[in-house]
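S.K.: Okay, predicted coordinates and the sequence, questions at the end:
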Amino acid sequence: MVTSSNDPDILKWLSIANRYTRIALDRRLQPYRLNASMYYYILRIHEQPRLTQDKLISLTYLNPSNVTRAVNQLVNLGYVRKRQSKADKRVYELSLTKRGEALYPDIVKLRQEVADSLLADVPADQHDALVAQIRQLALRAVGNETGPADQT
């Protein structure tokens, strides 16, 4: 018997929330020729200058080819610089260009606007707890996908 605490509709509602949040982000990012799949990289690279592409892959939980494709798009758009590491020629370091740095505050702002809209009916004192619960769900999903050997 399925109880309300193990309601399979959670999959439906997480999917709907994800889909419409991505649509809202895509709309706001369109003037920058970005989409919901790309803005995250600008945030991470800004926070960690000279971030390696390998580290970026581990932060995103995405397939390396998807990250490589997005990084290359950001390079082509002039937002990201990709340089071979002087210490290890097999490693590429990423940094934001001046154009990417100028874009960063806009991305932070529009991301906050989307989050505020999403959380509008959730009491402010519950925001942190809700985010923590969703994070746990996401990490559990990643762990279930990668299997017990890959969990940390």
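M.R.: Right, received. Where do you want to start? Just so it is clear, the model here is predicted, and its values are computed rather than measured. Numbers count the residues shown, from 1 in each chain.
S.K.: Every contact and neighbour count from this point should use C-alpha atoms.
M.R.: Noted.
S.K.: element containing the residue minimising distance to the centre of the chain, please.
M.R.: Most central in the chain under Cα atoms, centre = their mean is residue 40, positioned 4.1 Å from the mean C-alpha point. Remark: residue 40 resides in helix 39-47, with elements defined by DSSP states H and E.
S.K.: do residue 105 as well
M.R.: Counting by DSSP H and E, residue 105 is part of helix 98-118.
S.K.: Where does pLDDT dip in this structure?
M.R.: 1-6, 145-152 (pLDDT under 70).
S.K.: Show me the helices in it, by range?
M.R.: Secondary structure of the chain by DSSP state H: the helices cover 9-29, 39-47, 53-60, 64-77, 98-118, 127-146.
S.K.: what comes into contact with the fourth one?
M.R.: It refers to helix 64-77. Helix 64-77 is touched from outside by 33, 37-38, 41, 53, 56-57, 80-82, with contacts defined as Cα atoms under 8 Å, 6 or more residues apart in numbering.
S.K.: Who wins on neighbours among these?
M.R.: When neighbours are counted by other Cα atoms under 10 Å, residue 80 leads these with 24 neighbours.
S.K.: tell me the contacts of that residue?
M.R.: By Cα under 8 Å, 6+ apart, residue 80 lies in contact with 42, 71, 74, 94-97, 100.
S.K.: Would you tell me which one of those residues comes nearest to residue 114?
M.R.: Distance to residue 114 across the contacts of residue 80 (Cα to Cα) is lowest for residue 42, with 16.9 Å.
S.K.: and the gap between that closest one and residue 125?
M.R.: 29 Å (Cα to Cα, to the nearest Å).
S.K.: Can you add neighbour count and distance to residue 112 and give the contacts of residue 80 back as a markdown table?
M.R.: Listed next are the contacts of residue 80 as a markdown table, based on neighbours: other Cα atoms under 10 Å; distance: Cα to Cα, whole Å:
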| residue | neighbour count | distance to residue 112 |
| --- | --- | --- |
| 42 | 23 | 15 |
| 71 | 22 | 23 |
| 74 | 22 | 21 |
| 94 | 26 | 24 |
| 95 | 23 | 23 |
| 96 | 26 | 21 |
| 97 | 16 | 23 |
| 100 | 21 | 18 |
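S.K.: Among those residues, which one sits closest to residue 11?
M.R.: Among those, residue 42 lies closest to residue 11 (Cα to Cα), at 28.7 Å.
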